[in-house]
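Q: one predicted model, sequence on top.
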Amino acid sequence: MEHHFKNLYNRSNFVLTRNKISVEGLLSILDKFVLKSNINSNFFINDVSSLDNYKKNSLLFIDKEIIPSKINFSEICLITSNEEVYKKYLKENIFLVSNFNESFRNIINFMYIHEDSSDFKDEFSTINGSHISKYSSIQKSSVIQKNCVIGRGVEIGKNCIIKNNSVIKNAIIKDNVIIGDNTTIGSTGFGFDLKSPGATNIIPQIGIVYIDENTHIGSNCTIDRGKIDFTHIGKNCMIDNLVHIAHNVILGDNACLAAQSGISGSTLIGKNLISGGQSGYAGHIKIGDNVIVAGKSGVTKNIKDNSTIAGFPAIDIKEWKKLIIKQKKNGHK
Amino acid sequence: MEHHFKNLYNRSNFVLTRNKISVEGLLSILDKFVLKSNINSNFFINDVSSLDNYKKNSLLFIDKEIIPSKINFSEICLITSNEEVYKKYLKENIFLVSNFNESFRNIINFMYIHEDSSDFKDEFSTINGSHISKYSSIQKSSVIQKNCVIGRGVEIGKNCIIKNNSVIKNAIIKDNVIIGDNTTIGSTGFGFDLKSPGATNIIPQIGIVYIDENTHIGSNCTIDRGKIDFTHIGKNCMIDNLVHIAHNVILGDNACLAAQSGISGSTLIGKNLISGGQSGYAGHIKIGDNVIVAGKSGVTKNIKDNSTIAGFPAIDIKEWKKLIIKQKKNGHK
Amino acid sequence: MEHHFKNLYNRSNFVLTRNKISVEGLLSILDKFVLKSNINSNFFINDVSSLDNYKKNSLLFIDKEIIPSKINFSEICLITSNEEVYKKYLKENIFLVSNFNESFRNIINFMYIHEDSSDFKDEFSTINGSHISKYSSIQKSSVIQKNCVIGRGVEIGKNCIIKNNSVIKNAIIKDNVIIGDNTTIGSTGFGFDLKSPGATNIIPQIGIVYIDENTHIGSNCTIDRGKIDFTHIGKNCMIDNLVHIAHNVILGDNACLAAQSGISGSTLIGKNLISGGQSGYAGHIKIGDNVIVAGKSGVTKNIKDNSTIAGFPAIDIKEWKKLIIKQKKNGHK
């Protein structure tokens, strides 16, 4: 269930570079937040990346203790607010900061101009009733219906149908995909900093949505862009109306999600999911392959391959049915 | 609670005919799927129809055992994957096929060009900021606000208000109807074939949405077109925001559906429903007249007239209240 | 938790005056509904107002028994269908009517031309791909993206970003607010009269939505206008995608509402709410400050400050967790 989508896209197609950043620049931006640091002043910073998809010459923000051994620390610079992490890696390129979210926000907003920056720029042509960014790329065999907006960097493959009034930004869409009317792809995820709430303090979202081939997305859905990397929708998925998929979700191939379902941020879902209407998934959980989730379920924890679950919190469907019968009996006592 | 809406509309207003089909053509398309057949080679095929609304000279796809005796088999040709059905009607015009969904898909896609075909065509005029199909019909007293799309075949009656950014396709809308902003009417239903998943294998949807007079639909709702016939919204209905109504649903007159409710495919609902927010209805169930459903309920089975229900699975509200009290007591033990 | 937003806006910016109304006119409109009345024929009627925000020279519709003593009855005219209310205040300017909703509807529709009147008028300029009312006011530093509709009377403050395909009507939006794509602000609330259902009998909605500074609203959300006064979203709120907020809701500062949540009409919510995805709130309840609501909860009653709740009906989260464990044990018996 791990995902290996390295170098899937070029960030600079979607966000603009505001400033190049050096180690010195970093120290100056993080100024008041830096508690301790150890950094090779020659370290060269190109981008920000994530544990799942870390890149050479990038900043890696890690708030939790576990860091895989596969990282080559000479290639990256860690920024953490976790003392244990700092202790463990204090010989590497590393910063210990007092305010993790604010550090992230300040660095990203220094480096990039993203969609929620007031000076973000895009340029559109009006083609056949829709606004198409001059910096997007759409294969000729694909149809864009009316009143759509296709934003900067977007790539749309062959034989796609993008239905009316849909907004597609920060997204790569492969061949044979259908996107329903009034759907929003690539919007800003729910990245809020509860310590400093509000629109101007949003945790910047600079990733994309990747929709693999032959997937069908219904009407009035929302799929948020990844925070740093991507939200990934597999091949042959079948997503009904009014479905919400949050940032960093990985949805496996052949998923079938009925209407009004919602998947919270960073949840990983295996292949062949079948999920009933109005079901919900907590964030940061892992769902195996071939899982069936009954309608209106609330999935709160990791689920093994080949499970069939129901209820809230969702449990094995046989257990759930027993429970319902038991409750009914007890109600009659 | 049966519905009798025969000849409600002319399919050819909404979908284009790709090919006329003969018995020979049928045999050639179904080729590899036909297990057995008995067909009068002079049988003339005009359309596809459904059990609830079957038409002369049509193909009737039946997957289940029960077929009402009211069918005049000389008028239709049955296509089934069910051996029992085949045995029972083997003297009629009938095909036994190995792959029901794929047979349906292949036949429909041979006969019709529907919205999810890449060669579907419509022609629009831009009127007052909205895109209006040249093949639609809108009464003069109705108002279409900005950024709407009104598709091929759509009929809109008198004194309607279609609010901004709404998409209306494959629909007949009677007098005095209000449709809220950003709402999608007549989109493609959730017709997926789990055996061959994905956008290119979608089970074709060629029906319409029929909205009867004086109904009010809120903002950001989705109402899917019927698979073969129609999704029917009765008179005087009051539908709140973010409500989903799936294909083939029949919603009776005077229904009052609060926000974020969802009704799954082919569910039939009687008159005077009152349904609280975030309630959900399973597919293929029957809800009687004068039913009240508490908010957040999940209705999983047929419900009798005059019931008041709550919970998930929804039960009589008095039973549900007892259950809640009991649970609370047990929790304190 | 009371709100004091008097004179927050000028109604005439949003609705048009159809007719001035006098005491005589009132008697003539209410004609068949008036059971008893006592009215100073010199009483001058300017507007309709509500208990929470009553204004001099207004009509006040009160259906329930409790009326705060702070009202200066010489300044207003009460309209009630409640005999007890009438008895208590029969020496004041007061009408006892037989049909409360129809009286309200008839008076409002006589006095005002609102959005759901077929003769409502607005005038738009098409600016940069969006339709902007000539009667709206947008600060220059704010960005309106593509395919938006900004309606009559709308005020948008500084440094706002209104994303693509959003509809904003009947709303005042303060500085630094971000509104996501395909979102509808200021739509008509779910004001239905079950006795006379349907679009033409809708209970008129003539209030606005007020969104305070630095609030972020996601994609495909719906926020309904107040019935008479306003729906109020506080400062620094963080509202995710597909969220519904009904008419007359007051949402306190710093609220954080995850995707697919819904708040029913007239519910008052204190500061610093944190609310998980797919949670729902009944109407007319009061939620205190610093409340945390787990995902998929259904909040059915008033909640005290500093509570953490879960489940449906939502209870203290510790109790809920015990209940879940108990249920699991019982299920295994």
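A: Now that the structure is in, tell me what you want to look at.
Q: shaky segments in chain A?
A: For chain A, the stretches flagged by pLDDT under 70 are A:1-7, A:66-68, A:331-333.
Q: wait, what's in contact with the closest residue to chain C within it?
A: Relative to chain C, the nearest point of chain A is A:G198 (3.4 Å; C-beta to the nearest C-beta). Backbone N, C-alpha and C define where each C-beta goes, glycine included. A:G198 makes contact with C:N176, C:N214, C:T215, C:H216, C:K235, C:N236, C:C237, C:M238, C:N254, according to C-beta atoms under 8 Å, 6 or more residues apart in numbering or on different chains.
Q: show me which residues of the stretch 151-300 of chain A sit near chain B.
A: The stretch 151-300 of chain A comes close to chain B at residues A:159, A:161, A:163-165, A:176-178, A:180-182, A:214-216, A:218-220, A:235-238, A:240-242, A:254, A:256, A:258-260, A:274, A:277-278, A:295-296, as judged by C-beta under 8 Å from any C-beta of the partner chain.
Q: so what's the backbone phi/psi at the nearest residue to A:A294 once chain neighbours are set aside?
A: With C-beta to C-beta, 6 or more residues apart in numbering or on different chains as the criterion, A:A294 has its nearest non-adjacent residue at 3.6 Å, and that residue is A:A310. With angles defined as degrees, to the nearest 10, A:A310 sits at phi -160, psi 160.
Q: strands of the stretch 1-150 of chain A, start to end?
A: Secondary structure of the stretch 1-150 of chain A (DSSP state E, counting those that start in this stretch): strands at A:16-17, A:34-38, A:47-49, A:58-62, A:76-80, A:94-97, A:112-113, A:124-127, A:130-133, A:137-138, A:143-144, A:149-150.
Q: among those, which is nearest A:D224?
A: Among the strands of the stretch 1-150 of chain A, strand A:149-150 comes nearest to A:D224, with 16.2 Å by C-beta to C-beta.
Q: what about that closest one, distance to the chain center?
A: With C-alpha atoms, centre = their mean, to the nearest Å as the basis, strand A:149-150 stands 20 Å off its chain's centre.
Q: which ones among the residues of the stretch 151-300 of chain A next to chain B are found in strands?
A: Per DSSP state E, strands hold the following members of these: A:I161, A:I178, A:H216, A:M238, A:C256, A:I274.
Q: and the residues of the stretch 151-300 of chain A next to chain B near chain C, which?
A: Within the set of those, contact with chain C (C-beta under 8 Å from any C-beta) is found for A:N165, A:N182, A:N220, A:L242, A:Q260, A:Q278.
Q: take those residues and keep only those in helices.
A: The members of those all map outside helices under DSSP state H.
Q: okay if I get those as TSV plus neighbour count and distance to C:I45?
A: Output for these, formatted as TSV (neighbours: other C-beta atoms under 10 Å in any protein chain shown; distance: C-beta to C-beta, whole Å):
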residue	neighbour count	distance to C:I45
A:N165	32	42
A:N182	32	41
A:N220	31	42
A:L242	30	43
A:Q260	31	44
A:Q278	30	46
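Q: now for those, which pair is the farthest apart?
A: The span of those, defined through C-beta to C-beta, is set by A:N165 and A:Q278 at 24.0 Å.
Q: re the thing from before, quick check: the residue of chain A closest to chain C vs C:E213, distance?
A: Applying C-beta to C-beta, to the nearest Å, the value for A:G198 to C:E213 is 8 Å.
Q: what sits in contact with each of these two?
A: Common contacts of A:G198 and C:E213, defined by C-beta under 8 Å, 6+ apart, comprise C:N176, C:K235, C:N236.
Q: these two touch, right, the second one and C:A255?
A: No: with contact defined as C-beta atoms under 8 Å, C:K235 does not count as touching C:A255 (9.6 Å).
Q: more crowded one of those two?
A: The neighbour count for C:K235 versus C:A255, taken as other C-beta atoms under 10 Å in any protein chain shown, is higher for C:A255 (26 against 21).
Q: how near is that one to A:A246?
A: C:A255 is 18 Å from A:A246, where distance means C-beta to C-beta.
Q: one more: A:K140?
A: 33 Å.
Q: for A:V85, same thing?
A: Remark: distance between A:V85 and A:A246 (C-beta to C-beta) = 26 Å.
Q: these two - which one has more neighbours?
A: A:A246 (27 against 20).
Q: wait, doesn't that one sit right on A:G191?
A: No: applying C-beta under 8 Å, one finds A:A246 not in contact with A:G191, separated by 9.7 Å.
Q: now stretch A:146-166 - C-alpha only, CSV.
A: Extracted in CSV, the C-alpha atoms of stretch A:146-166 (Å, rounded to 0.1, in the frame of the first residue of the first chain):
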residue,chain,number,x,y,z
LYS,A,146,-19.2,25.4,-20.8
ASN,A,147,-18.3,27.8,-17.9
CYS,A,148,-15.3,25.7,-16.8
VAL,A,149,-12.1,27.1,-15.5
ILE,A,150,-8.9,25.2,-16.3
GLY,A,151,-6.0,26.7,-14.3
ARG,A,152,-2.3,27.1,-14.5
GLY,A,153,-0.2,24.0,-15.0
VAL,A,154,-3.2,21.7,-15.5
GLU,A,155,-2.6,18.8,-17.9
ILE,A,156,-5.6,16.9,-19.3
GLY,A,157,-5.0,13.7,-21.3
LYS,A,158,-6.9,12.2,-24.2
ASN,A,159,-10.6,11.5,-24.6
CYS,A,160,-11.6,13.3,-21.4
ILE,A,161,-14.9,15.0,-20.8
ILE,A,162,-14.9,17.9,-18.4
LYS,A,163,-18.5,18.8,-17.8
ASN,A,164,-20.0,22.3,-17.4
ASN,A,165,-19.1,24.7,-14.6
SER,A,166,-16.3,22.6,-13.3
